[in-house]
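Novice: Following is a predicted model, sequence given first.
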Amino acid sequence: MRGPESHALVVGGSLSGLCAGLALARAGWTVTTVERAAGEPPGGAGLGVDRLLVSEVTGVDADAIPVVRGNRDSAAWGLVRQFLLEATQRTAGIEFIEATTVRGIRQPTEPDSVSVDSTAGVLTADMVVGADGVYSVTRGFVAPDHPTAGYAGYMLWRGLVPEAEVPGGLDGRGTNLEVHGAPGAQLVVYGVPGPDGRTDPGHRRVSYAWYDASRTDLLRRKGCLQGDTVVGSLSSDQLSAELTGELAQLARRNWPSPWDRCIAWGVTHGEIFGTPVAEYLPSRLALRRVVLVGDAAHVASPMTGAGFQNALLDVAALAARVRGGSRADVEGALRRYEHQRLPDVRELVSSGMAWGRSYRSRA
Ligand SMILES: Cc1cc2nc3c(=O)[nH]c(=O)nc-3n(C[C@H](O)[C@H](O)[C@H](O)COP(=O)(O)OP(=O)(O)OC[C@H]3O[C@@H](n4cnc5c(N)ncnc54)[C@H](O)[C@@H]3O)c2cc1C
């Protein structure tokens, strides 16, 4: 698989796809990454980041990713993506194409290549890396009998609240990740850097994730669920004044200080979006010359807190498997990748499912 003729097409230019592109370029491949969105995708709150692992997997010094250091390193999703995108743009051998949607993998006609249909026409490579997230289209080729992620039976209200806006301030909190419970609900809250990357008190933001198992009817009415499949999420402008009023009231009642004031502020100032939680327990990670990484490969409850970490482990395993082999052995390398990663990712997703069952039984 070595040499300039080895070409990977990465579908999806979010965290997994960007890391995959960097790791494959480092392993000697030329890479084309195709991303559906034009410009910076909207949304994003906070996530845990292991900068050492990012550096090891991508070969890019990730110390420049701003993090709030506490009982874990917490980053803002948008700043991590921006860091990876800039690293990609600096790296020779990676072409990044925006505003192009892959519609699906073409049924193979040639033994030594693979092609996709996209809005830019047919694109051909030696290997396709599906990094197209929870609603993956590449998964439909790898696992045609089980192509979609299912609804986990609960949702998350998420947002980023500027620390400086929290009425009364944070009482010295905001560094550590905290988990709080209330009847039917659970809250995970932690500080992340400000939009400019500042991490000093007063300039950070609070990332909150509020688990809510009582909104399935709302999600159906708003078209976020089709049957048991998650097909969309809720932006703040889709929420009625009545609902935001109710959520603000619940925030004040359910959550301890300072998070009651913080989240009530977020809810009433548009710093809220609703995400139905999806889960995908994979039985395949690769087929022929198509391989899945990140949320395309496996979707675990956010409560596991390990989505990005496992995407990095996928990419590390993939890059190791395709480094130094022969072009003809791509399929064998991808089978070995699947063999290596499948048990771990199944365990991760299963642990999130067990947490979800226990949470829903208490809700
Ligand atoms: C806008 C956004 C915000 C997020 N915010 C957070 C957050 O705050 N905290 C957190 O823990 N996780 C967040 N996530 C999810 C997080 O990125 C993943 O759980 C994890 O990091 C693995 O990412 P991924 O790259 O596999 O999937 P995703 O991040 O979902 O990325 C998939 C990418 O593929 C692109 N894509 C999808 N379909 C196609 C197609 N057919 N053709 C071309 N491109 C396609 C999408 O536009 C997207 O950029 C966010 C994801 C997105 C897209």
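Specialist: Done, it's in.
Novice: Show me how far stretch 19-36 is from its chain's centre.
Specialist: Put simply, stretch 19-36 sits 18 Å off its chain's centre (Cα atoms, centre = their mean, to the nearest Å).
Novice: quick one: the helices in the stretch 201-350 of the chain?
Specialist: Shown for the stretch 201-350 of the chain, the helices assigned by DSSP state H, counting those that start in this stretch span residues 216-221, 241-254, 259-268, 307-322, 330-362.
Novice: Dump those into JSON lines; add mean pLDDT, distance to V290 and mean neighbour count as well.
Specialist: All C-beta atoms are positioned from the backbone trio N, CA, C, and that covers glycine. Below are the helices of the stretch 201-350 of the chain laid out as JSON lines (pLDDT from 0 to 100; distance: least, Cβ to Cβ, whole Å; neighbours: other Cβ atoms under 10 Å):
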{"stretch": "helix 216-221", "mean pLDDT": "96", "distance to V290": "31", "mean neighbour count": "15"}
{"stretch": "helix 241-254", "mean pLDDT": "97", "distance to V290": "41", "mean neighbour count": "16"}
{"stretch": "helix 259-268", "mean pLDDT": "98", "distance to V290": "40", "mean neighbour count": "23"}
{"stretch": "helix 307-322", "mean pLDDT": "97", "distance to V290": "12", "mean neighbour count": "23"}
{"stretch": "helix 330-362", "mean pLDDT": "96", "distance to V290": "8", "mean neighbour count": "17"}
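Novice: Tell me which of those helices sits nearest to R69.
Specialist: helix 307-322 (16.8 Å; Cβ to Cβ).
Novice: So is the closest one next to the ligand?
Specialist: Yes: against the ligand, helix 307-322 shows contacts by Cβ under 6 Å from any ligand atom at 307-308, 311.
Novice: just how off-centre is that helix within its chain?
Specialist: Relative to its chain's centre, helix 307-322 lies at 14 Å (Cα atoms, centre = their mean).
Novice: contacting residues for the one residue in the stretch 251-363 of the chain that gets nearest to the ligand?
Specialist: Closest to the ligand within the stretch 251-363 of the chain is G294: 2.4 Å, counting by Cβ to the nearest ligand atom. By Cβ atoms under 8 Å, 6 or more residues apart in numbering, G294 lies in contact with 12, 14-17, 131, 133, 307, 310-311, 314-315.
Novice: The residue lying closest to it once chain neighbours are set aside sits in which helix or strand?
Specialist: For G294, ignoring the flanking residues on the chain, the nearest one in space by Cβ to Cβ, 6 or more residues apart in numbering is S16 at 2.8 Å. S16 is part of helix 15-26 when elements are defined by DSSP states H and E.
Novice: what angle separates that helix from helix 307-322?
Specialist: 30 degrees (axes from the mean of the first three to the mean of the last three Cα atoms, to 10 degrees).
Novice: In TSV, list the helices of the stretch 201-350 of the chain along with distance to P201.
Specialist: Listed next are the helices of the stretch 201-350 of the chain as TSV, based on distance: least, Cβ to Cβ, whole Å:
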stretch	distance to P201
helix 216-221	36
helix 241-254	22
helix 259-268	14
helix 307-322	25
helix 330-362	32
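Novice: closest one to A125 among those helices?
Specialist: Comparing the helices of the stretch 201-350 of the chain by Cβ to Cβ, helix 330-362 comes nearest, at 10.0 Å.
Novice: okay, now the residue of the stretch 51-200 of the chain found nearest the ligand: neighbour count?
Specialist: As assessed by Cβ to the nearest ligand atom, the ligand sits closest to G133 within the stretch 51-200 of the chain, at 2.6 Å. Using other Cβ atoms under 10 Å, the number of residues around G133 comes to 22.
Novice: For the chain, which residues are neighbours of the ligand?
Specialist: 11-17, 34-37, 41, 43-47, 77, 101-102, 131-134, 137, 294-296, 307-308, 311.
Novice: Any of these buried? List them.
Specialist: When these are checked for burial by 16 or more other Cβ atoms under 10 Å, the buried set is 11-17, 34-36, 44-47, 77, 102, 131-134, 137, 294-296, 307-308, 311.
Novice: Among those residues, name the ones in strands.
Specialist: Judged by DSSP state E, strands contain the following of those: 11, 34, 46-47, 102.
Novice: Tabulate those residues (CSV), appending pLDDT and distance to E95.
Specialist: CSV is the format used below for those (pLDDT from 0 to 100; distance: Cβ to Cβ, whole Å):
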residue, pLDDT, distance to E95
V11, 98, 13
V34, 98, 9
G46, 95, 30
L47, 95, 27
V102, 98, 15
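Novice: Among these, which one lies nearest to R252?
Specialist: G46 (22.1 Å).
Novice: Without its sequence neighbours, what residue ends up closest to the closest one?
Specialist: S207 (2.9 Å).
Novice: Give me the pLDDT for the one you found.
Specialist: S207 carries a pLDDT value of 97.
Novice: That one and L187: what is the separation?
Specialist: To L187, S207 is 11 Å away according to Cβ to Cβ, to the nearest Å.
Novice: more neighbours, the two?
Specialist: S207 (25 against 21).
Novice: from memory that one sits against G194, does it?
Specialist: No: using Cβ atoms under 8 Å, S207 makes no contact with G194, being 11.7 Å away.
Novice: Nearest spatial neighbour of D196, chain-adjacent residues omitted?
Specialist: In space, and not counting its chain neighbours, D196 is closest to H203: 7.6 Å by Cβ to Cβ, 6+ apart.
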